[in-house]
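Undergrad: need the 3D shape of this:
(one chain, ligands or ions: 1)
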Amino acid sequence: MKRIVLTGGGTAGHVMPNLALLPKLRQRGWEVLYIGSYDGMERALIEERQIPYYPVATGKFRRYLSAQNLTDPFRVIKGVFQSYRLLKELRPQVVFSKGGFVAVPVTIGAWLNGIPVVLHESDLTPGLANRLALPFATAVCATFPETMKYLPENKGVLTGNPIRPELLNGSKEEGLKICGFTPDKPVLLVMGGSLGSVTINKLIRAILPDLLLQFQVAHICGQGNVDPNLDRYKGYKQFSFVGPELPHILAAADICVSRAGANFLFELLALKKPHLLIPLPKGASRGDQILNAQSFKGQNFSMVLYEEEINETLLKKQIALLYQNREDYIKAMRESNLADAASEVIRVIEETARARSVRARKK
Ligand SMILES: CC(=O)N[C@H]1[C@@H](OP(=O)(O)OP(=O)(O)OC[C@H]2O[C@@H](n3ccc(=O)[nH]c3=O)[C@H](O)[C@@H]2O)O[C@H](CO)[C@@H](O)[C@@H]1O
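TA: Numbers count the residues shown, from 1 in each chain. Coordinates of the predicted model:
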């Protein structure tokens, strides 16, 4: 049996592409195991799919001062030992890492065992975890063509971003039913990333009565951010995180307002959903979402508003404009040629595993 260990976590953005690979990996005879953190979002997402899950310690690489910055390096070292021991026992032919903090100890643990690692970078510029893991990896799959210049020549492969196939099979009718909406008014979906965005939540809620004159609003606001006081608004439906209903809610959406996390961006593109992006600003991040958004805007797929320029009036205007010009955006997105990224990534994984077994036979 061919065996692969997947890793990646922290936020859903570092897990979803792994889930997108699952059906094809299984079809091709791979046994799939997962190493993640003890308490990251990946644990529930993987365990609810009955995939064997092995937790290890990891640390967060923060951009701000925190007492944990002193203890986290020790957690990463502990995670390296745990991963080393686990992978020695599990003996996969290859490890695939979607990035995020937990991917660092797992990648190093694999390297110490001589197991090849394939990394995947969703964003336009490589994240810190992937940059730390890069020397220990055999290949790095990139989503944006612009990313290739940040990767070593002998390791970078342009594959695109794998998308969960079920997202393409949503039912609009089912989505309207889940939200309690009617078919006679357009639906605006607001998505602040897998953790939600307090800034976007505040802005949308400030203009909610106006928005509801023209739209029904489905709002994914993040764990702990649902405000029950707002349930009184007819045509406004809040979610903290959406699981299996997401394909239907996306099918019901006419337009979206969203952060510019790479996975959701490529999902919007695959579904041809006109969207207005409000990227996470620099300071709160390394600015990767700004670059993701600029790349999409440059291809006429997206409208973009930056947090520094945003105010309620401008947001209202831009949403109305997006709806008005929606057909132009749909047309531009239809003309994009999206690769079958899952097949491309699996090709890289299998080539990497094969090269290793040839090397092992020669020894
Ligand atoms: C705060 C932070 O660190 N954000 C990063 C994180 O974003 P984040 O984790 O928000 O990632 P993305 O927006 O890229 O992807 C979110 C994923 O979660 C799914 N989803 C979301 C909400 C929901 O209710 N249900 C659901 O299934 C989406 O369909 C998508 O597949 O990873 C991205 C990809 O590396 C980066 O671009 C972001 O900068």
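
Undergrad: CA only for contacts and neighbour counts going forward, please
TA: Fine.

Undergrad: who in the stretch 251-363 of the chain is up against the ligand?
TA: For the stretch 251-363 of the chain, the contact set with the ligand under C-alpha under 6 Å from any ligand atom comprises 261-264, 289.

Undergrad: from those residues, which is closest to W30?
TA: Closest to W30 out of these is N263 (24.0 Å), distances taken as C-alpha to C-alpha.

Undergrad: what ranges does the stretch 101-250 of the chain have for its strands?
TA: 117-121, 139-142, 156-158, 187-191, 216-220, 236-239 (DSSP state E, counting those that start in this stretch).

Undergrad: of all those strands, which one is nearest H14?
TA: strand 117-121 (9.2 Å).

Undergrad: what are the ranges of the helices in this structure?
TA: Here the chain has its helices, by DSSP state H, at 16-27, 42-47, 68-90, 103-112, 128-133, 172-179, 198-206, 208-214, 246-252, 262-271, 288-298, 312-324, 326-335, 341-362.

Undergrad: can you pull out the low-pLDDT segments for the stretch 101-250 of the chain?
TA: Within the stretch 101-250 of the chain, the set of residues satisfying pLDDT under 70 is empty.

Undergrad: adding pLDDT, write the residues of the stretch 251-363 of the chain next to the ligand out as CSV.
TA: Shown next, in CSV, are these (pLDDT from 0 to 100):
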residue, pLDDT
G261, 96
A262, 96
N263, 96
F264, 97
Q289, 96
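
Undergrad: could you single out the nearest of the residues you listed to E47?
TA: N263 (21.0 Å).

Undergrad: distance check, the residue lying closest to G10 once chain neighbours are set aside against L195.
TA: The shortest distance from G10 to any non-neighbouring residue, by C-alpha to C-alpha, 6 or more residues apart in numbering, is to G40 (4.8 Å). The gap separating G40 from L195 is 12 Å, by C-alpha to C-alpha, to the nearest Å.

Undergrad: could you do G243 as well?
TA: Noted for G243: a distance of 13 Å to L195, by C-alpha to C-alpha.

Undergrad: the two: which is more packed in?
TA: Set G243 next to L195 and count neighbours by other C-alpha atoms under 10 Å: L195 wins out with 19 against 8.

Undergrad: ok, now which ones touch that one?
TA: Each residue near L195 by C-alpha atoms under 8 Å, 6 or more residues apart in numbering is listed here: 11, 221-223, 241.

Undergrad: which of the strands of the stretch 101-250 of the chain sits most buried?
TA: Per residue and on average, the most neighbours among the strands of the stretch 101-250 of the chain fall to strand 117-121, with a mean of 28 (mean count of other C-alpha atoms under 10 Å).

Undergrad: note down every partner strand of that strand and its orientation.
TA: strand 94-97 (parallel), strand 139-142 (parallel) (DSSP bridges).

Undergrad: export those strands to CSV and tack on distance to the ligand?
TA: Output for these, formatted as CSV (distance: least, C-alpha to the nearest ligand atom, whole Å):
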stretch, distance to the ligand
strand 94-97, 12
strand 139-142, 11
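
Undergrad: now the ones you listed as CSV including distance to I319?
TA: Formatted as CSV, those follow (distance: least, C-alpha to C-alpha, whole Å):
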stretch, distance to I319
strand 94-97, 37
strand 139-142, 31
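
Undergrad: relative to N229, how far out is I349?
TA: For I349, the distance to N229 - C-alpha to C-alpha - is 49 Å.

Undergrad: how many other residues sit next to the residue of the stretch 1-150 of the chain found nearest the ligand?
TA: Proximity of the stretch 1-150 of the chain to the ligand (C-alpha to the nearest ligand atom) peaks at G13, 3.3 Å away. Neighbour count for G13, taken as other C-alpha under 10 Å: 24.

Undergrad: dump the residue contacts of it.
TA: 194, 261-263.

Undergrad: hmm, try it at 10 Å
TA: Each residue near G13 by C-alpha atoms under 10 Å, 6 or more residues apart in numbering is listed here: 41-42, 98-100, 122-123, 193-195, 261-264.

Undergrad: check what pLDDT it gets.
TA: With respect to pLDDT, G13 scores 93.
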